[in-house]
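> I would like to see how this sequence folds:
(4 chains)
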2 protein chains.
Amino acid sequence: MPRKSLTQTEIDIFRTSFCKAAYELYEQKDYQAVTMRGIAKVLGCSSMMAYRYFENKEDVFASLRAIRFDRLAQTLEEVAETLPPMEYLRDLGKAYASFAHTQPHAYRLLYMIPIPQVKIYPELVKAQGRTQKVLFAATRQAIESGDIQGDQVLLAHTYWASIHGLVSLDLANQLTQGASFNELFPAMLNRMFKND
Amino acid sequence: MPRKSLTQTEIDIFRTSFCKAAYELYEQKDYQAVTMRGIAKVLGCSSMMAYRYFENKEDVFASLRAIRFDRLAQTLEEVAETLPPMEYLRDLGKAYASFAHTQPHAYRLLYMIPIPQVKIYPELVKAQGRTQKVLFAATRQAIESGDIQGDQVLLAHTYWASIHGLVSLDLANQLTQGASFNELFPAMLNRMFKND
DNA sequence: TTTAATTAATTTACAGTGTAAATATTACAG
DNA sequence: CTGTAATATTTACACTGTAAATTAATTAAA
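Numbers count the residues shown, from 1 in each chain, chains lettered A, B, ... in the order given. Alright, predicted model coming up:
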């Protein structure tokens, strides 16, 4: 007697297209301009559809974030593992910065828009971990091959933090003083790999 | 015949107390929870008072930002210029991280909350510049004393970016993998100053 | 084929937002 | 007092997220 429930794939399709529309709005304008009603209008459904398949607006953005984190992870995973390991590390850094540079909205979403209670979105935590994993593995390789010495966790974070720092200063328009990212970044990499 | 206009100091007093109330709300909750009506209620004035002495809500936040940037600059300026210059640089880094760590809300406001059209707020640009100036001067000292070699702009940005990167990853809760900021930061400084 | 059941989806409603426009209040010069 | 000009408040509007009420749709049983 009951009406047929939606299959999981049908639900996934809706969630996916909802997220896609949401992200396009976010890219065109900004965070504040993304409204539940606006997204629904793009999809041609009622506003409340969102609340059937998402918890709330924050849940939508958590999904957007998870998707983008996974895409960043994929980008890093696709970097060829050349030898020596230091070259691989450098290529990872380049790929990371390139992702941020070519998709600034995505990068801002990942690191520069506050999300309260990250931990209640396990998919998001998982996607974050996937991104970190690549950098950590590369650092371990470089240590094991003897190219650098030191604690793995420390080295990985130092490397990551430096790149992220430069990228986010750039995206926050803080790189004044006649210093552009494209000049600073290669020089920074050279410096980091100079003597070890 | 006209009613007495407010003096500039009276206007300044209002703007200051309005900003103070706004920042307290921002600290207690978050960006979204700061509303023009809410601030006005704290001050006991009507909501529209804000619009006489501020352009709009964004203008209020630009002021909050400028105030905090100036405070960061002051913190850095107060760091004693010890010798050798490398020690001074290290102390600046510590002070910078300490500011971010003890006042995470302020730091987030400075770097991690998007503000469109920074350039139309000259006071904000000025306060940002004041902060940068200290770091740049210290780097120049270290170069002139021969403690480090290289391009001044590059070195200053590399140093700044690394610290900022670690701080902001920490505030974004991205330092998992059993690595805390308090462990990573001193080790990072040691590494940066090891061989130059 | 009608009917009852049950889920999906929409509509309505509410409290709250930023802020423009209309209104009221105040204080001085004549 | 009265006109004037500045200050301050009130009202109003178009939005927002989302809870609650309602309608629509689809199935299985009678």
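> wait, does the helix ranked longest in chain A make contact with chain B?
If each helix of chain A is counted by residues according to DSSP state H, the longest one is helix A:122-144. Yes: counting by Cβ under 8 Å from any Cβ of the partner chain, chain B has neighbours in helix A:122-144: A:128-129, A:132, A:136. All C-beta spots, glycine's among them, are computed from the backbone N, C-alpha and C.
> narrow those residues to those that are buried.
Listed as buried from the residues of helix A:122-144 next to chain B are A:128, A:132, A:136; burial here means 16 or more other Cβ atoms under 10 Å in any protein chain shown.
> excluding sequence neighbours, find me the nearest residue to the first one.
What that stands for is A:Gln128. Spatial nearest neighbour of A:Gln128, excluding adjacent residues (Cβ to Cβ, 6 or more residues apart in numbering or on different chains): A:Phe69 at 5.5 Å.
> residue numbers of chain A in contact with DNA strand C?
Within reach of DNA strand C by Cβ under 7 Å from any atom of the strand, chain A has these residues: A:1-3, A:5-6, A:45-49, A:52.
> filter the residues you listed down to the buried ones and hand me the ChimeraX line.
Restricted to buried positions by 16+ other Cβ under 10 Å, the ChimeraX selection for those reads:
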select /A:49
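> farthest pair in the residues of chain A next to DNA strand C?
A:Met1 and A:Ser47 (29.5 Å; Cβ to Cβ).
> picking that back up, buried stuff in the longest helix of chain A?
A:124-125, A:127-128, A:130-132, A:134-139, A:141-143.
> swap in stretch A:94-112?
A:95-97, A:99-100, A:103, A:105-112.
> could you pull out the helices for chain A?
Counting by DSSP H, the helices of chain A are A:8-28, A:36-43, A:49-53, A:57-77, A:85-102, A:104-111, A:122-144, A:152-171, A:181-192.
> just to revisit the earlier point, from the residues of helix A:122-144 next to chain B, which is closest to DNA strand D?
Taking Cβ to the nearest atom of the strand as the measure, DNA strand D lies nearest A:Gln128 of the residues of helix A:122-144 next to chain B, at 23.0 Å.
> which residues touch the closest one?
Neighbour list for A:Gln128: A:69, B:174, B:176 [criterion: Cβ atoms under 8 Å, 6 or more residues apart in numbering or on different chains].
> now with 10 Å?
Counting by Cβ atoms under 10 Å, 6 or more residues apart in numbering or on different chains, A:Gln128 touches A:65-66, A:69-70, A:72-73, A:110, A:118, A:121, B:172-174, B:176.
> can you tell me which of those are classed as buried?
For the contacts of A:Gln128, buried by 16+ other Cβ under 10 Å: A:65-66, A:69-70, A:72-73, A:110, A:118, A:121, B:172, B:174.
> let me know the closest of the residues of helix A:122-144 next to chain B to DNA strand C.
Checking those against DNA strand C by Cβ to the nearest atom of the strand gives A:Gln128 as the nearest, at 30.5 Å.
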